[in-house]
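Colleague: heads up, no residue letters with this:
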Ligand SMILES: [Zn+2]
Ligand SMILES: [Zn+2]
């Protein structure tokens, strides 16, 4: 009898411990948590599933064809329009996957492997009230746009 109550006490302590651990985990490591450690190394495998998308699709990185996570953006620079119209020149360096991790980077136009410093030259068409449309012209190897590409 005594042994059994000790077992019950130990068991309920273990359960309470597991619940506390789970709470702590949710509070500190949930992406919604204000304490969420963005620097944590295993954030990567929690976050990215590395789903391939069709190049040219929205929410797909044009450099590595990986689907972007919700809210993730490609690293890009947009220049003011040269013609005063709605289309702007834009350089796309890539997304989290292909800039921070060893995911192959390839130009969708010429197929060259891209260095970490290479970028895609694109035209962005601004659509009022809607999603911007991005048209990839080429990379800094295959698309020569004069001084702008330097
Ligand atoms: Zn990418
Ligand atoms: Zn290219």
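Modeller: Received, thanks. The model shown is predicted, which means the values in this text are computed figures rather than measured ones. Ligands and ions are numbered 1, 2, ... in the order given.

Colleague: thought residue 141 was touching residue 109, still the case?
Modeller: No - contact criterion Cβ atoms under 8 Å: residue 109 and residue 141 do not qualify, at 9.5 Å. (C-beta placed from N, C-alpha, C; glycine too.)

Colleague: the residue nearest to residue 139 when sequence neighbours are not counted: what's it in contact with?
Modeller: Once flanking residues are discounted, residue 139 sits nearest to residue 107: 3.7 Å by Cβ to Cβ, 6 or more residues apart in numbering. Counting by Cβ atoms under 8 Å, 6 or more residues apart in numbering, residue 107 touches 63, 114, 118, 120, 138, 139, 141, 142.

Colleague: from ligand 1, how far out is residue 107?
Modeller: Between residue 107 and ligand 1 the computed distance is 12 Å (Cβ to the ion, to the nearest Å).

Colleague: please apply the same query to residue 63.
Modeller: 4 Å.

Colleague: next structured bit after the lowest-mean-pLDDT helix or strand in the chain?
Modeller: Every helix and strand of the chain was ranked by mean pLDDT, DSSP states H and E. The lowest is helix 43-47, at a mean of 49. Downstream of helix 43-47, the next assigned helix or strand under DSSP states H and E is strand 75-78.

Colleague: what lines up beside the next helix or strand after that next one in the sheet?
Modeller: Per DSSP H and E, the first helix or strand lying C-terminal to strand 75-78 is strand 87-94. In the sheet, strand 87-94 lines up against strand 75-78 (antiparallel), strand 120-125 (antiparallel) (DSSP bridges).

Colleague: please see if the shortest one touches ligand 1.
Modeller: If I follow you right, that is strand 75-78. No - Strand 75-78 does not reach ligand 1 (Cβ under 5 Å from the ion); its nearest approach is 8.9 Å.

Colleague: any buried residues in that strand, and which?
Modeller: By 16 or more other Cβ atoms under 10 Å, the buried positions in strand 75-78 come out as residue 76.

Colleague: the domain parsing of this protein - what is it?
Modeller: Structural domains annotated on the chain: 1-46, 48-149, as defined by automatic domain parsing.

Colleague: distance to ligand 2 for these - can I get that in TSV?
Modeller: Shown next, in TSV, are the domains of the chain (distance: least, Cβ to the ion, whole Å):
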stretch	distance to ligand 2
domain 1-46	28
domain 48-149	3
